[in-house]
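Trainee: Test case, fold it:
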Amino acid sequence: MKTILVLLLSITFFTAKAITEISSINGSWQSKDASGNTITMICSDNYLMFAMYDLSQKKYVKSGGGTYQLSVVSGKNIFSYKRDFNTEDSTVVGLTVANFYSINKNELSLTEGPLAGNWNRIDESKSPKMMNATWRIKAREGSDFKMQTVLKGSRKTLKILSGSRFQWAAFNTDTHQFFGTGGGNYTVKDGKYTENIEFFSRDDKRVGASLTFDCVLNGKDWTHAGQSSTGTRVHEIWEKEE
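Mentor: The predicted structure is shown next:
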């Protein structure tokens, strides 16, 4: 009985530690590769996206994203990352890579895999609090100006936000297809949501553009309307991915 109690206490301790660590990892992080490219990563609870790009040259390099879990094995902190999309090698989609990690306030270190390296915190997922989440497209306005429901399936369009940064991506987890991604920093003020684009896989010429949308939060739904980077009308409803 004593052994069982000790085991339960240990599991509780490790679970609580993992939850605390996930909370401390939430937010956005930045790193550099050997060529000087910027790498940004946004973590929101158990989901993340990252992108590598050269902002000065307006050049997108690669990106990826998926779910992640934190655990403790034999006293070691383990970061397990399961890929939903990977632009460098689509054959690894669905596979999980596990590596050791350490976190000390504003510094995160990962030892292996596509996220290996030393990361510096850009922001924490705090304000504006309601925006900090992983969002999935729920409905969008069609050419007839009517809202059309986007059915859930393996084809996904997600957008992940921290306190100041965003990244969206469209992909198919079954076919391993990648359709596009983009990201940068954002602000929310007086009902207006503004994106400042730092990378865009479909067209580097869009880098530097600022897009402002009317923004309404209603429970788990986020509605925004405005114009895309090509000037076309945008009216979408996103819902929090859980």
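
Trainee: chain center to stretch 216-231, what's the gap?
Mentor: From the chain centre to the centre of stretch 216-231 is a distance of 18 Å (C-alpha atoms, centre = their mean, to the nearest Å).

Trainee: and that stretch, what's its mean pLDDT?
Mentor: For stretch 216-231, mean pLDDT is 88.

Trainee: Name the surrounding residues that touch that stretch.
Mentor: 130-131, 135, 138, 191, 193, 197, 200, 203, 206, 209, 211-215, 233-240 (C-beta atoms under 8 Å, 6 or more residues apart in numbering). In short, each C-beta sits where N, CA and C put it, glycine included.

Trainee: Flag every buried residue along the strand ranked longest in the chain.
Mentor: Determined from DSSP state E, the single longest strand within the chain is strand 59-73. For strand 59-73, the neighbour count (16 or more other C-beta atoms under 10 Å) marks 60, 61, 62, 63, 64, 65, 66, 68, 70 as buried.

Trainee: Mind checking which of the contacts of stretch 216-231 land in strands?
Mentor: Using DSSP E, the contacts of stretch 216-231 in strands are 135, 138, 193, 197, 200, 211-215, 233-240.

Trainee: List buried residues within the contacts of stretch 216-231.
Mentor: The neighbour count (16+ other C-beta under 10 Å) marks 131, 135, 138, 193, 197, 200, 206, 211, 213, 215, 235-240 as buried among these.

Trainee: Would you point out the most distant pair within those?
Mentor: Distance extremes for those: the farthest pair is 206 and 240 at 26.5 Å, using C-beta to C-beta.

Trainee: Buried ones in stretch 31-40, by neighbour count?
Mentor: Here stretch 31-40 shows 31, 37, 38, 39, 40 as buried, counting by 16+ other C-beta under 10 Å.

Trainee: of all these, which comes closest to residue 79?
Mentor: residue 31 (14.4 Å).

Trainee: That closest one sits in which helix or strand?
Mentor: Taking DSSP states H and E as the criterion, residue 31 maps to strand 27-32.

Trainee: and that strand, average pLDDT?
Mentor: Regarding strand 27-32, the rounded mean pLDDT is 95.

Trainee: Return the distance of the nearest residue to residue 168 once chain neighbours are set aside relative to residue 116.
Mentor: Distances taken as C-beta to C-beta, 6 or more residues apart in numbering put residue 159 closest to residue 168, at 4.0 Å, once the chain neighbours are dropped. Noted for residue 159: a distance of 25 Å to residue 116, by C-beta to C-beta, to the nearest Å.

Trainee: Show me which of those two is the more surrounded one.
Mentor: residue 159 (24 against 14; other C-beta atoms under 10 Å).

Trainee: Given whatever helix or strand comes next after the strand holding residue 31, what are its sheet partners and their directions?
Mentor: Using DSSP H and E, the helix or strand that follows strand 27-32 towards the C-terminus is strand 38-44. Note on strand 38-44: by DSSP bridges, its sheet partners are strand 27-32 (antiparallel), strand 47-54 (antiparallel).
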